[in-house]
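Student: build the 3D model from these lines:
(one chain, ligands or ions: 1)
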Amino acid sequence: MRLCQECGKVLYARYDLDTARVEVPRSVLAGRPADMWRYFEILPVKDESNIVTLGEGLTPILAAPRLGREIGSSDLLIKDEGQNPTGTFKSRGLSAAVSKAKELGVTGVTIPTAGNAGGALASYAARAGMSSHVFMPQDASEANKKEVVHAGGELVLVDGLIGEAGQQSRQVAEEQDMFDLSTLQEPYRAEGKKTMGYEIAEQLNWTFPDAIIYPTGGGTGVVGIWKAVEELESLGWSDGKRPRFFSVQAEDCQPIVRAFERGDDHAEPWENAHTIAHGMRVPSAIADYMILKVLRDSGGGAIAIKDEDMLHHMRLTAQLEGVVVGPEGGAVVAAARTLIEQGTLSRDDKILLINTGSGLKNLDLM
Ligand SMILES: Cc1ncc(COP(=O)(O)O)c(C=O)c1O
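Tutor: Model (predicted):
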């Protein structure tokens with residue numbers, strides 16, 4: 001079962017946090033491995049021998065003072081997810097999902113992807129000894145296509161975007177008895193992504209910054225980190241102060257921004273979506289209602305960025321801080337600048353940018 005059988009919506013993993021609050025104090029983390037599986041008790045795998053890992057997680061939070069001065073922030077931080085084993089935050093979700101699939105006895109997996117999740121799946125499936133079928137738009141980055149084939153995944157190039165890839169992925173999974181890992185159409189990828197939230201709190205001494213800015217496509221990052229914020233409070237691990245959450249999308253694919261501005265609970269699909277930031281080229285997200293709720297409940301917002309501004313801020317981030325970000329990372333930096341200029345965020349706010357992937361995946365954009 002991948003979605004709720006009654007309402008067809010997203011399934012959410014739940015844990016006995018009342019018991020965990022007593023039995024799992026945060027001091028258990030001392031001496032644990034420096035990867036996302038240090039939070040084992042609140043991840044979905046039951047038997048540690050099923051963990052499929054390449055060392056994902058515990059990526060650094062880097063102070064970015066020079067970039068901060070340039071965009072008007074006195075307290076700017078970058079969590080650099082480009083340092084994950086497959087070069088993006090997708091390592092986390094796929095490590096969790098492939099581990100759980102292994103535990104459930106799955107031998108083959110399929111995935112529709114803008115690119116980076118496909119690359120990650122091929123590596124984790126190889127590590128688990130599973131077969132993988134990856135459905136990707138024809139114009140995905142060369143790095144993404146090559147990493148799938150290189151790791152022995154079956155690559156299918158689709159004439160269309162992630163929606164079309166999703167239909168083919170589901171169909172092949174049904175026909176060939178494989179498990180389809182579409183974003184938020186199974187509960188485990190979001191569990192991996194939520195470890196970003198656990199790490200942010202742990203790395204900032206069990207507090208959250210004033211604002212977190214995230215590039216949003218399907219929304220697992222936003223939904224996952226917010227789940228961590230809530231779980232950490234239930235566990236008694238965090239101080240209870242919640243961050244404001246901001247989603248960033250591209251000017252020519254901004255369904256969540258439009259719905260947020262209109263006050264809608266659901267986002268209409270975006271027509272003729274295009275942007276150089278393929279991770280955000282998602283015209284319609286199954287978790288639209290969850291993303292919008294997080295943005296509103298947290299007192300955050302949503303903002304769209306032009307492609308040329310992404311490129312400009314990719315370059316600035318490399319030149320001022322030495323951090324090589326992709327277009328999604330560039331978008332997040334540009335969004336921080338605009339939010340400060342608008343007065344939505346202040347110069348002294350502690351602002352955490354998530355750089356979701358390494359710019360080395362996008363050599364053509366450098
Ligand atoms: C580099 C990058 N950033 C951001 C996203 C969007 O992430 P999410 O689907 O969690 O919203 C993706 C998804 O493909 C991505 O590859």
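
Student: test my guess that N144 contacts N116.
Tutor: Yes: N144 is within contact range of N116, at 6.2 Å (criterion: C-beta atoms under 8 Å). In this view, the C-beta of every residue, glycine as well, is placed from N, C-alpha and C.

Student: spit out the contact partners of D349.
Tutor: By C-beta atoms under 8 Å, 6 or more residues apart in numbering, the residues touching D349 are S73, D75, P209, D210, A211.

Student: okay, now whatever residue of the chain ends up closest to the ligand: neighbour count?
Tutor: The nearest approach of the chain to the ligand comes at G279, 2.4 Å away (C-beta to the nearest ligand atom). Neighbours of G279 under the rule other C-beta atoms under 10 Å: 28.

Student: then the one 5 residues further on?
Tutor: Other residues within reach of S284 by the criterion other C-beta under 10 Å amount to 17.

Student: host element of it?
Tutor: Secondary structure assignment for S284, by DSSP states H and E: no helix or strand.

Student: for the residue nearest to it when sequence neighbours are not counted, report the pLDDT, please.
Tutor: Nearest residue to S284 in three dimensions, chain neighbours excluded: P269, at 3.9 Å (C-beta to C-beta, 6 or more residues apart in numbering). You'll see P269 listed with a pLDDT of 97.

Student: in terms of contact, does P269 touch I286 like I think?
Tutor: No: counting by C-beta under 8 Å, P269 stays clear of I286, with 11.4 Å between them.

Student: more neighbours: which of these two?
Tutor: The residue with more neighbours, out of P269 and I286, is I286; 18 against 12, by other C-beta under 10 Å.

Student: now L235: phi and psi?
Tutor: Phi and psi for L235, reported as degrees, to the nearest 10, are phi -80, psi -10.

Student: excluding its backbone neighbours, what's nearest it?
Tutor: Per C-beta to C-beta, 6+ apart, closest to L235 is R21, 5.4 Å.

Student: check contacts around that neighbour.
Tutor: Applying C-beta under 8 Å, 6+ apart, we find R21 in contact with S234, L235, G236.

Student: select from these the one having the most neighbours.
Tutor: L235 (21 neighbours).

Student: from what I see, it and L29 are in contact.
Tutor: No: the pair L235 / L29 is not scored as a contact, 11.6 Å apart, by C-beta under 8 Å.

Student: what touches both of the two?
Tutor: Shared contacts of L235 and L29 (C-beta under 8 Å, 6+ apart): none.

Student: what pLDDT does M1 get?
Tutor: In this model, M1 is scored at 62, pLDDT.

Student: middle-most residue in the protein, spatially?
Tutor: In the chain, the residue lying closest to the centroid (C-alpha atoms, centre = their mean) is G221, at 3.3 Å.

Student: correct me, but it touches T356?
Tutor: Yes: judged on C-beta under 8 Å, G221 makes contact with T356 at a distance of 6.9 Å.

Student: buried stuff in stretch 319-334?
Tutor: By 16 or more other C-beta atoms under 10 Å, the buried positions in stretch 319-334 come out as 320-321, 323-334.

Student: next, give me the two most distant ones among those residues.
Tutor: Greatest spacing in the buried residues of stretch 319-334, by C-beta to C-beta: L320 and E328 (18.2 Å).
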